[in-house]
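**Student:** fold the following.
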Amino acid sequence: MTKRWGFTYIFCNDLAKMKQFYTEILHLDLIWESDKSLAFKIGDHQLSIDFHEYYTPFASGFSIQPGWQGGTEPRISWSLECDNEDFIQIVQSAIQNEIPKYYHEPKWNGYWSFPILDPMNNTIEITC
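**Tutor:** The predicted structure is shown next:
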């Protein structure tokens, strides 16, 4: 039997900000859009972002992630593994758009690491 991670669902209170971040900063492929949801394809995985008017974003701290030995908040986070070209493009987009970041520039932790926060303060470690 083969298993794979199929879908991840996250929520927000500002769909426009999330769309801008995930398309213009992370450069993900938007595969679905409605007035209440977005979906992006990442390899075989689908990330769905749903609007909820009562959603409260996390505090602006970074999630604890053992890989880069950083963060202070014990909450869910994820990594986006990229090839070199995509990694550089995302880092440049994040810096130019003043996206909250854990390091001022990528850091070598046995791999290149650049943790950032999305508009709802979800931690996403960009890796290469």
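**Student:** max-length helix in this structure?
**Tutor:** helix 84-96 (DSSP state H).
**Student:** tell me the strands beside the next helix or strand after that one, with direction?
**Tutor:** Scanning forward in sequence from helix 84-96 by DSSP states H and E, the next helix or strand is strand 107-108. The sheet places strand 107-108 alongside strand 112-117 (antiparallel), with pairing taken from DSSP bridges.
**Student:** what angle do the strand it pairs with and helix 84-96 make?
**Tutor:** 40 degrees (axes from the mean of the first three to the mean of the last three C-alpha atoms, to 10 degrees).
**Student:** mind listing residues that contact strand 112-117?
**Tutor:** 25, 60, 62, 65, 67-68, 70-71, 87, 90-91, 94, 99-103, 105-107, 123-128 (C-beta atoms under 8 Å, 6 or more residues apart in numbering). For the C-beta atoms, the positions are set from N, CA and C on the backbone; glycine is no exception.
**Student:** helices or strands next to the helix or strand where Met18 lies in the packing?
**Tutor:** Using DSSP H and E, Met18 sits within helix 15-20. In terms of contacts (3 or more C-beta pairs under 8 Å, 6 or more residues apart in numbering; DSSP states H and E), helix 15-20 is packed against strand 37-42, strand 45-51.
**Student:** the very next helix or strand once past the longest one pairs with which strands, parallel or anti?
**Tutor:** Next in sequence after strand 45-51, counting helices and strands by DSSP H and E, comes strand 78-81. Sheet pairing here is set by DSSP bridges, and for strand 78-81 it gives strand 123-127 (parallel).
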